[in-house]
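Undergrad: generate a structure from the sequence data that follows.
(one chain, ligands or ions: 1)
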Amino acid sequence: MTAGYCAWHDGPADDVALIVVHEQGSGAGSGAYACLPCARPMVGRWTTSRYAEEAIAELEKRAASATTAQEAGRA
Ligand SMILES: [Zn+2]
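TA: Numbers count the residues shown, from 1 in each chain. This next block holds a predicted model:
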């Protein structure tokens, strides 16, 4: 889990991933950190790099395991 700052909703987040998007007319693309709710809709878009999709998948996994841990704590 990487607490950090989400550049999409412009605020702190419990967990973030580095998302690299391809911008029209530039080869390199640019990166910024996004939280899972902001990153999830980017999956499947042509502007989202493969590495970003992997980073989002890792976010999903961490969010799922965090939920499981919270449920175990309540039991
Ligand atoms: Zn966000």
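
Undergrad: neighbours around residue 18, how many?
TA: By the criterion of other C-beta atoms under 10 Å, residue 18 has 14 neighbours. All C-beta spots, glycine's among them, are computed from the backbone N, C-alpha and C.

Undergrad: now swap in residue 63 and tell me
TA: Neighbours of residue 63 using other C-beta under 10 Å come to 17.

Undergrad: how much space separates the nearest residue in space to it that is not next to it in sequence from residue 3?
TA: Using C-beta to C-beta, 6 or more residues apart in numbering and skipping the chain neighbours, the partner closest in space to residue 63 is residue 36 (5.4 Å). Distance from residue 36 to residue 3, counting by C-beta to C-beta, to the nearest Å: 13 Å.

Undergrad: overlap in contacts, the two.
TA: Common contacts of residue 36 and residue 3 (C-beta atoms under 8 Å, 6 or more residues apart in numbering): 13, 15.

Undergrad: those two - which one has more neighbours?
TA: Neighbours were tallied for residue 36 and for residue 3 using other C-beta under 10 Å; the higher tally belongs to residue 36 (18 against 10).

Undergrad: pLDDT score for the more buried one?
TA: If you check residue 36, the pLDDT there is 95.
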